[in-house]
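In: Structure for this input, please:
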Amino acid sequence: MKKNLIILTFISFQLSLFGKADYLRVIFNHNASHQATIGWTQTSGSAIRIYFGTRDETGAVVLTPKGITTSNLFKGHENNFVRLTSLKPNTLYFFSIEDNEGRSAIYRFSTVSNNPEDRISLIGGGDSRTRRKQRQEGFKMAGKLKPHAILFDGDYTDIDSGEKWKLWFEDWTLTYKDFDNHLIPIIPARGNHERTNKDLVNFFDCPSTKNYYNVTMGGDLINIICLNTEIAFNGAQKQFLKKTLDHHKHFYWQLPQYHRSCRPHVAWKMKMKGVKQIYKHWIPLFEKYGVRAVLECDSHITKSTYPIVMSKDKTSEEGFKRDDENGIVYVGEGCWGAPLRVPDRIRGWSRHVDKIDSFKWFFIDQDKIEIRTVAYMNADEVEPLTDQKRFSIPKELQLWPSKDQTIIINHKIDCNL
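Out: Here you go, the predicted model:
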């Protein structure tokens, strides 16, 4: 009887009238193995609650009601969030949203393993401002590649209006609506086109009102550090950076993401705020604590550097020199729908630089980080991966500059395949 009741309850969710919950997102903003936040935009209805759960020992889905943790009305969006704690690692969870007008479809997401011996897949990029076709293709491709999470590094829209955010969230549904409503969690950072820190707080339940925080994955495998280049680089933010780097110094990897680039590959961007400040306040800490890869955005091009370290000697260029053993690989610079620019500031330590719509794809394990650049505009030609095959390279996937240019970062040496 219990099993039958669970199955009937699950079927009733599928057959019931849809409620008015839209623009779903799952956010990792603490520990991706044990915590997650479910967010959505409520377009109508009242008496809202969520049904949430996982499969029991028989394989049936069991959903129980939960109340909303926090909500806000921001730029014309009614945003609701349910913060989940004490989750099981590497587990598939299901949820449905109910209001007085009905219940939504069943959605799902997965937590990340807490075993550092398990591999992790991440997509990283940003600058999705104005070219919706390109943004949509990138979101579709992300959905097909099945990463454990997406690091989104700022500049979601161009003018930061409620209508522009509506379009962005509408496009974000392409990451899950054709993939059994399986949501890929987002780890968001702020860009310069977000006019206020409140964007991340109100749209993504960011745990920090200053938009700097960290997310851990895979036990002690990786610490992801989200920084904010639109506020003071020194002071409290620098103290946070030092504290999180020190607290997680025993982790295999620490991966910062922030929007402005320290050495942009578009010349006029060198005049932007942050170029000197990142170099002065953050990079010495990255190097001290053994950071080996950094995700940047802002310039609307794609780049990967050789491993580089700060230097003022005669072999250095703009404050850096190549060091394959100890250097940091800087990747980014943001081309997920924003207008592309011509990269015209190339250094000797620049490895791959071009004007192309793309994002980065990271495979991370204890021994190495693999970084690929995905030219996502042929998303419709690519067969979607499964959770079990998320580390496969789809046959039709276009990697830039070529399939044999994967960047490998080992703990002690960096090389190309």
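
In: Please tell me the pLDDT value assigned to residue 129.
Out: At residue 129, the pLDDT value in this model is 92.

In: these two touch, right, it and residue 157?
Out: Yes - counting by C-beta atoms under 8 Å, residue 129 touches residue 157, with 5.9 Å between them. No exception for glycine: its C-beta is placed from N, CA and C like everyone else's.

In: Verify the stated contact: residue 70 with residue 39.
Out: No - between residue 70 and residue 39 there is no contact under C-beta under 8 Å: 9.7 Å.

In: Now for those two: what residues contact both?
Out: 80-81, 205 (C-beta atoms under 8 Å, 6 or more residues apart in numbering).

In: ok, these vs residue 125, which is closest?
Out: Within these, proximity to residue 125 (C-beta to C-beta) peaks at residue 205, which comes in at 21.3 Å.

In: Could you give the number of residues near the closest one?
Out: Neighbours of residue 205 under the rule other C-beta atoms under 10 Å: 22.

In: Find the residue closest to it in space, skipping its chain neighbours.
Out: Spatial nearest neighbour of residue 205, chain neighbours left out: residue 81 (4.5 Å); criterion: C-beta to C-beta, 6 or more residues apart in numbering.

In: where does that neighbour land in three-state SS?
Out: strand (DSSP: H, G, I helix; E, B strand; the rest coil).

In: Just give me the neighbour total for it.
Out: Counted with other C-beta under 10 Å, residue 81 comes out at 21.

In: One more: residue 228?
Out: Quick note: residue 228 (other C-beta under 10 Å) scores 25 neighbours.

In: Over to residue 182?
Out: 18.

In: partner residues bridging it?
Out: Counting by DSSP bridges, residue 182 is bridged to residue 108.

In: gap between it and residue 365?
Out: Residue 182 sits 23 Å away from residue 365, going by C-beta to C-beta, to the nearest Å.

In: what's the closest non-adjacent residue to residue 326?
Out: residue 309 (5.9 Å).

In: Tell me the helices and strands packed up against the host helix or strand of the one you found.
Out: Per DSSP states H and E: residue 309 is located in strand 308-310. With contacts taken as 3 or more C-beta pairs under 8 Å, 6 or more residues apart in numbering; DSSP states H and E, strand 308-310 sits against helix 283-288, strand 320-322.

In: What mean pLDDT does it get?
Out: Rounded mean pLDDT across strand 308-310 is 97.

In: what residues does that strand touch?
Out: 279, 283-284, 287, 319-323, 326-330, 349.

In: if you set the cut-off to 7 Å instead, what comes out?
Out: Identification of contacts with strand 308-310 by C-beta atoms under 7 Å, 6 or more residues apart in numbering yields 283-284, 287, 319-323, 326-328, 349.

In: Which of those are buried? Put it as a ChimeraX command.
Out: Only the buried members of the contacts of strand 308-310 enter the following ChimeraX selection, criterion being 16 or more other C-beta atoms under 10 Å:
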select :283,287,319,320,321,322,323,327,328,349
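
In: Compile the contacts of strand 308-310 into TSV and extend it with columns for pLDDT.
Out: Output for the contacts of strand 308-310, formatted as TSV (pLDDT from 0 to 100):
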residue	pLDDT
283	98
284	98
287	97
319	96
320	97
321	97
322	97
323	95
326	93
327	96
328	97
349	96
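
In: Having no further points to raise, I will conclude here.
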